[in-house]
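Undergrad: structure, please.
(chains A, B and C)
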Amino acid sequence: MKNKAKQKQIAIKILATIFSFLIFGLLWEMLVRFSDVGRVMPGPLETLQSFFEHFTEKYSAYTLPEHVWRSLRRVLTGYFFAAIAAIALGILMASYKTIDAIVSPLFNMVRPIPPVAWIPLAILWFGINDGSKYFLIFWASFLSMVQNVYAGTKSADPKLIGAAKMLGANDGHIFLTIVLPSAVPYIFSGLQLGINSAWAMAIGSEMIRSTDGVGWLIIRGMDNNNLLQELVGILAVGIVGFALASVLRGVEAKLCRWNKRGT
Amino acid sequence: MSMEQERDLTKRQMIVCDHVSKTFYTKNTETKVIADLNITANENEFLVLFGPGQCGKTTALNVMAGLETATSGTVTVGNEIVTKPGPERGFVYQTTALFPWYTVMKNVEYGPRARGMSKKERRKKAQYYIDLVGLGGFENSFPNQLSGGMQQRVGIARAYCNEPAVLFMDEPFGHLDAQTRYLMQEEIIRIWEKERRTVVFVTNNIEEAVYLADRVIVLTNCPTRVKKEFIIDLPRPRNYTDDKFLNLRAEIQDVVDKTL
Amino acid sequence: MSKENVKVQVRHLTKKFGDLLVLNDVSFEVKKGQFLCVVGPTGCGKTTFLNCITKLYEPTSGEILLDGEPVDLRKHNVSYIFQEYSAMSWLTVEQNIAFGLNIKHFPKEEVKARVDEVIAMVGLEKFRNYYPNQLSASMLQRVVIARAFATKPDLLLMDEPYGQLDIELRFKLEDELIGLWEQLGTTIIFITHNIEEAVYISEDILVLTNKPTTIKTMINNSLPRPRNVTSRSFIDLREQVTELIKWW
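TA: As a prediction, the model looks like this:
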C-alpha cells in the first residue's frame, strides 16, 4: 500500500518535469514564431536537432562531446585540488587557534574579491593557456569551499565529544569518529558550492582565450553571429552542471544516511 | 536484597565526594553552583540524587564523572582521584548523546573500540549488552530510526559495554513520555539487578527516585549541598500505589517543599 | 445534557490511512466549560484525533460539530497549544499575545484590555517587552497559554503542553491553567500521556484504547481541588486509569 503511494508520487514528479519542459519549449517556440526575435533566434526543435547533430559533426576541431570533455577536464582537475586544499585548510584553521589567527585575516580580506578579478594576474603568472585556467578554477572553487569546511569542523557537539571522552577515546580517535562525521554535511554543501563556482569559472576563462571547450563554443558563436551554436553551448552547460550537482547529491545521500529522518 | 549483601554495601565505598565546591566564572559574574558537597556511594548501590529545578545536580554529576573540574575538594572513584573523563566511569545523558552517524552496534562498541579491543571480542560484548537492553534485531539501525525510549536503551548499553565500575545517569528518562518512562524505570532496575554496578542517578521526580533508589539524597537549591538522606528499604519490584511507597514519597516531598 | 449546553459533539469519527484503521467509530460530547482530559497508550491515535478536529486531516467518516455545526476554523474560534513553544521569536511577549487578536481584527482598545488582563493572569507584566529568547521555558509556555486564552476561544485544544517541562514547573503551570480555566470558563480538551497529570487537572477523563482507537470509557473525576497527588483517593483513581491503558 505504501509502495503504491510512493510510485504514484514518483509518477507525478516525472509527469510534472516533462510538463514544465514542454511549457518552456512552447513559450520559446511562441517567442520565436510570433515576435521579431524569431528573425535571428532559432526555435527549440532546431536547437535540439543541432545539439544532437554535433555529437558527430565538428565545431572547428572537435565534436560537441569533445568540447564538453575539454571543459570538464579543466573543471575536475582544478576542483579536485581545490577540494583537497579547502578541506585541509578548513580543518586546520578550525582545529588550531594559531593557524586560524594567522590565516583568517588574510583569507577574510581575499575572499570578497570576485575570482574573475584575478584573471589578468593569473594569465601573467601561469600563461595564457591551460595553466591560468586551472589556477582560476582552483581558486574560485577553493574560496567557496573553505568557509563551509571550517564551520563544519567547528560544529561538532561538545556533548558528543564529552561522551566520547567518557568512553575512553583519545584526541585522534575523537577527531576521526566525532569531529569529521559532524563536518561531513557541511563539507558536502561546500563541495556543492565549489563545483558551481568551478564550472562557472571554466566557462568564463574559456571565453577569454582558448581554442576549445564549451565557453569557447559560446563566445565563438557570438563572434560569428551564430546563435544556434551559442544556444547549443548553453544547453550543454546546463545539462553538465545539472549532472555534476546530481552526482554530488547522490554521493552525499549515500554517505549521510544517518542525517536523514527514518526510512 | 539479602542481609548479607546489605552489609556488604557498607563495606566498600566506591565514590567519595569530599568537600566539593564549584563556581562558574564569567567576565563579570561568578555563580556558586555547589556549596560544599559530601557524598559517598557504596559499591553496587543505586544512589539517587534528587533536587529541585536548576539546583546544580547535573553539575555535581559532571564533576563526579570528570566532565567538569571541582573548584575545591576532591572526588575519588575506586582508589583514584577524578581529574578528567575516563572509561572506568560510564555516563548516560539526559537527552540522547548517541553518535548519529553510527549504527546501534557501532555506538555500543564505541568504547571498547576506542580502547583497541579486537573486533571479534567487542562485537560479542556489544551484542550481549544490546540484547540485555532488549534491542536485539536493531543492531544496524541508526539512532534517528529509533524512538526516544529505544535511544535511551542504546545509551545505557553503550555505557555498560565499557564495563565501568560506576555509572552516572543524568535524568535519562526526563524527555520520554510518561508511560515510556515507567517502562524504562522497570527496565533499568531489571538491567541493574542483572549487572550490578554502582549507579548515581539524577532526577527531579520524587516518584522516580523512590521507585529506583537504595538511597535518595535530597539536595538544596543553588548553591547546592546535601539537605537530607533517605534509605529506601522497600522490596523490589516496587509498587507506586503501595502505602509505604506513598508515605516515603510524601516524606521526601515535605523536605523538598521546605527546601524551596 | 441539554442541547445548548453541548459544546463539542464527536459523532462516529473514523479515520483510515489507506488500509490502516486509526480511529474506529469514536463518539462523545463535551459540555460548555468542561475540562476534558484524553489519555491513551503511547502510540494510540491521540494525535490523529486532534488533527481531525483541527481539520489537518479530513475524517474518513463521521463528523465533529462545534455548537451544533461542522467545525469551520474561519467561523469558530479554536485555539491550540502544542508541546513545542510556538511563540514567534521576532515579536515581544505583548505582541505575541496580541497576535491572535489582531488577526481577528479586534478593535485596538479591546486588544489592549484583553492583553493586559491575561498578561496579569499569567504574571508576565514585567516581561511584556521581552523577546522569547530572553525567557525561560516556563515563561515561554505561559506566553503561549496567554495567547490562546486571550482570544477567548470556543474550544481550547492542548496536546501534551507540559511534556518537556521539569516536574515542579509542570505542577505550577497546571495550577495556573486550572486557575485560568476556573476564571474564564473555557472549554478545554487536553491530551496527555501522563495519567498523573490527567487525574490532577481534569473534570472528566476520556480513556482511549490502542490502535485502532476506540473509546474505552469516560471517567468522571470529582476529586476535590486542590488535589493531593499522594492522597489515597488520588492514587486509587490514577491506578484505575493506569490499569485501563497499561501496555508496559
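
Undergrad: what about the closest residue to C:Thr151 other than its chain neighbours, how many residues nearby?
TA: Leaving aside its sequence neighbours, C:Thr151 sits nearest to C:Gly100 (C-beta to C-beta, 6 or more residues apart in numbering or on different chains; 4.6 Å). (Glycine included, C-beta is placed from N, CA and C.) Neighbourhood size, C:Gly100 [other C-beta atoms under 10 Å in any protein chain shown]: 19.

Undergrad: C:Gly100 and C:Phe106, how far apart?
TA: C:Gly100 sits 9 Å away from C:Phe106, taking C-beta to C-beta, to the nearest Å as the criterion.

Undergrad: how about C:Thr230?
TA: With C-beta to C-beta as the criterion, C:Thr230 and C:Phe106 are 44 Å apart.

Undergrad: look at the closest residue to C:Ile167 other than its chain neighbours and say how many residues are nearby.
TA: Distance criterion C-beta to C-beta, 6+ apart; nearest residue to C:Ile167, sequence neighbours excluded, is B:Asn205 at 5.0 Å. Using other C-beta under 10 Å, B:Asn205 has 20 other residues around it.

Undergrad: pretty sure B:Asn205 is touching C:Glu168, no?
TA: No - B:Asn205 lies out of contact with C:Glu168 (C-beta atoms under 8 Å); the separation is 9.5 Å.

Undergrad: return the residues of chain C in contact with chain A.
TA: For chain C, the contact set with chain A under C-beta under 8 Å from any C-beta of the partner chain comprises C:Gly18, C:Asp19, C:Leu20.

Undergrad: okay, now the last one: neighbour count?
TA: Counted with other C-beta under 10 Å, residues neighbouring C:Leu20 total 11.

Undergrad: let me know the pLDDT of the residue in chain C positioned nearest to chain A.
TA: Closest contact between chain C and chain A, by C-beta to the nearest C-beta, is at C:Gly18 (4.4 Å). On the pLDDT scale, C:Gly18 is placed at 83.

Undergrad: over to C:Lys75?
TA: Looking at C:Lys75, its pLDDT is 82.

Undergrad: quick one, phi psi at A:Thr63?
TA: Backbone dihedrals for A:Thr63, given as degrees, to the nearest 10, come out at phi -80, psi 170.

Undergrad: thinking again about what came up before, from the residues of chain C next to chain A, pick the one nearest chain B.
TA: Of the residues of chain C next to chain A, the one sitting nearest to chain B (C-beta to the nearest C-beta) turns out to be C:Leu20, at 18.4 Å.

Undergrad: residues from chain C in reach of chain B?
TA: C:41-42, C:160, C:163-164, C:166-169, C:192-197, C:230, C:232, C:235-236, C:238-239, C:245, C:247-248.

Undergrad: quick check on these: which are buried?
TA: C:41-42, C:160, C:163, C:166-169, C:192-197, C:230, C:235, C:238-239, C:245, C:248 (16 or more other C-beta atoms under 10 Å in any protein chain shown).

Undergrad: would you map the strands across the chain?
TA: No chain was given, so I picked chain A. A:58-59, A:62-63 (DSSP state E).

Undergrad: wrong one, chain C
TA: Assigned by DSSP E, chain C shows strands spanning C:6-17, C:20-31, C:35-39, C:61-66, C:69-70, C:78-81, C:155-159, C:188-192, C:204-208, C:215-220.

Undergrad: cool, chain B as well?
TA: So, for chain B - with DSSP E - the strands run B:13-25, B:30-42, B:46-50, B:72-77, B:80-81, B:89-92, B:166-170, B:198-203, B:215-219, B:224-231.

Undergrad: list the buried residues for the first one?
TA: Meaning strand B:13-25. Under the neighbour-count criterion of 16+ other C-beta under 10 Å, strand B:13-25 has B:Gln13, B:Met14, B:Ile15, B:Val16, B:Cys17, B:Asp18, B:Val20, B:Ser21, B:Lys22 buried.

Undergrad: could I get the contacting residues of the third one?
TA: Meaning B:Ile15. Neighbouring residues of B:Ile15 by C-beta atoms under 8 Å, 6 or more residues apart in numbering or on different chains: B:Ile39, B:Thr40, B:Ala41, B:Met64, B:Val75, B:Thr76, B:Val77, B:Val166, B:Thr198, B:Val200.

Undergrad: just these now: which is nearest chain C?
TA: The closest of the contacts of B:Ile15, once distances to chain C are taken by C-beta to the nearest C-beta, is B:Val200, at 19.5 Å.

Undergrad: the closest one: what's it in contact with?
TA: When contacts are counted by C-beta under 8 Å, 6+ apart, B:Val200 is found next to B:Ile15, B:Ala41, B:Leu47, B:Val48, B:Leu49, B:Leu61, B:Met64, B:Val166, B:Leu167, B:Phe168, B:Met169.

Undergrad: just list whatever residues bridge to it.
TA: B:Leu47, B:Phe168 (DSSP bridges).

Undergrad: all helices for the stretch 101-250 of chain A, in order.
TA: A:119-126, A:130-154, A:158-166, A:171-174, A:180-208, A:214-223, A:227-255 (DSSP state H, counting those that start in this stretch).

Undergrad: for chain C, find the nearest of the ones you listed.
TA: Taking these one by one with C-beta to the nearest C-beta, helix A:158-166 is closest: 17.5 Å.

Undergrad: and residue 39, what pLDDT?
TA: All of this is about chain A. pLDDT, A:Arg39: 81.

Undergrad: wrong chain, I was asking about chain B
TA: Taking B:Ile39 on its own, its pLDDT is 93.

Undergrad: check C:Glu117 too.
TA: 90.

Undergrad: swap in C:Ser2?
TA: C:Ser2 is given a pLDDT of 54.

Undergrad: ok, back up a step: got the contact list for the residue nearest to C:Thr151?
TA: C:Ser79, C:Arg147, C:Ala148, C:Ala150, C:Thr151.

Undergrad: let me know the closest of those to C:Lys31.
TA: C:Ser79 (18.2 Å; C-beta to C-beta).

Undergrad: touching, B:Ile217 and B:Val226? I think so.
TA: Yes - between B:Ile217 and B:Val226 there is a contact under C-beta under 8 Å: 5.8 Å.

Undergrad: mind listing the shared neighbours of the two?
TA: Contacts common to B:Ile217 and B:Val226, judged by C-beta under 8 Å, 6+ apart, are B:Ile39.

Undergrad: so for those two, which residue has more residues nearby?
TA: Set side by side, B:Ile217 and B:Val226 show more neighbours around B:Ile217, with 23 against 17, by other C-beta under 10 Å.
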